[in-house]
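Novice: sequence? don't have it. structure:
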């Protein structure tokens, strides 16, 4: 196989997964949109967390809500918990890396807020701790995972929403996560603003 063929295979694999996942995930993504719109309409906020590529996706999602996705609208309340290096390093140093998101949820989260928790494996210990902290604050959780959902499955309750990409390869899961995040943004705008 040539390098060009290998690259083309990545495109084919990604497109195939997205086509397969669409019918599986559309309903739960719609539930997540409704949950977020309910929170935002009640003057609540969305907290978002994840590690590595998921941290970047968290920041991307929060930026789309505070700024705009594809349509002009008022800013929507969203905070990516991966952005403040002073908070992250202080908590990591004084407590543990496991606590970096949970402490922020405890300090910023309120009943009625939503935590969007990203973990490709569903096993990120600091994201799981954030989910537990969110439940203690009477927040609902939207989990964005893959690989069967991992330990996240054990923590989510009936009021939560689990968007689990049906694949085991991290790169493919992350590619669908980005599409799911764009679907969330579009769905929120559609529910708040109506048709274009």
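Specialist: Ah, there it is. A quick note: this is a predicted structure, and the numbers were derived from the prediction, not measured.
Novice: Look at residue 133 and give its secondary structure.
Specialist: Under DSSP: H, G, I helix; E, B strand; the rest coil, residue 133 falls in the helix class.
Novice: what's the answer for the one 10 residues further on, then?
Specialist: The assignment at residue 143 comes out as strand when based on three-state DSSP.
Novice: Tell me how far it lies from residue 12.
Specialist: 28 Å (C-beta to C-beta, to the nearest Å). Yep, even glycine has a C-beta here, placed from its N, CA and C like the rest.
Novice: and these two? which has more neighbours close in?
Specialist: residue 143 (26 against 10; other C-beta atoms under 10 Å).
Novice: Mind listing the residues bridging to the more buried one?
Specialist: residue 117, residue 162 (DSSP bridges).
Novice: so how far is residue 108 from it?
Specialist: Residue 143 is 19 Å from residue 108, where distance means C-beta to C-beta.
Novice: likewise residue 135?
Specialist: Taking C-beta to C-beta, one finds residue 135 at 15 Å from residue 108.
Novice: When these two are compared, which one has more neighbours?
Specialist: Taking other C-beta under 10 Å, residue 135 and residue 108 do not tie; residue 135 has more neighbours (18 against 13).
Novice: dump the residue contacts of the more buried one.
Specialist: Residue 135 makes contacts with 141, 155, 157, as judged by C-beta atoms under 8 Å, 6 or more residues apart in numbering.
Novice: Give me the pLDDT for it.
Specialist: Listed pLDDT for residue 135 reads 98.
Novice: what's the spacing between it and residue 177?
Specialist: When residue 135 is compared with residue 177 (using C-beta to C-beta), they lie 22 Å apart.
Novice: so residue 65 touches residue 79, yeah?
Specialist: No: using C-beta atoms under 8 Å, residue 65 makes no contact with residue 79, being 9.5 Å away.
Novice: pLDDT averaged over the lengthiest helix in the chain, what's the number?
Specialist: In terms of residue count, the longest helix belonging to the chain (DSSP state H) is helix 3-41. For helix 3-41, the mean pLDDT works out to 97.
Novice: Output the contacting helices and strands for it.
Specialist: Where contact means 3 or more C-beta pairs under 8 Å, 6 or more residues apart in numbering; DSSP states H and E, helix 3-41 is packed against strand 46-49, strand 114-118, strand 140-146, strand 161-165, helix 170-193.
Novice: if we go to 7 Å?
Specialist: Contacts defined by 3 or more C-beta pairs under 7 Å, 6 or more residues apart in numbering; DSSP states H and E place helix 3-41 against strand 114-118, strand 140-146, strand 161-165, helix 170-193.
Novice: ok, and which of those has the densest surroundings?
Specialist: strand 114-118 (a mean of 28; mean count of other C-beta atoms under 10 Å).
Novice: distance between that one and the chain's centre?
Specialist: 5 Å (C-alpha atoms, centre = their mean, to the nearest Å).
Novice: tell me the angle of it relative to helix 170-193?
Specialist: 160 degrees (axes from the mean of the first three to the mean of the last three C-alpha atoms, to 10 degrees).
Novice: Please shift the residue numbers so they start at 336 in all later answers.
Specialist: Sure thing, new numbering starts at 336, so read that last one as strand 449-453.
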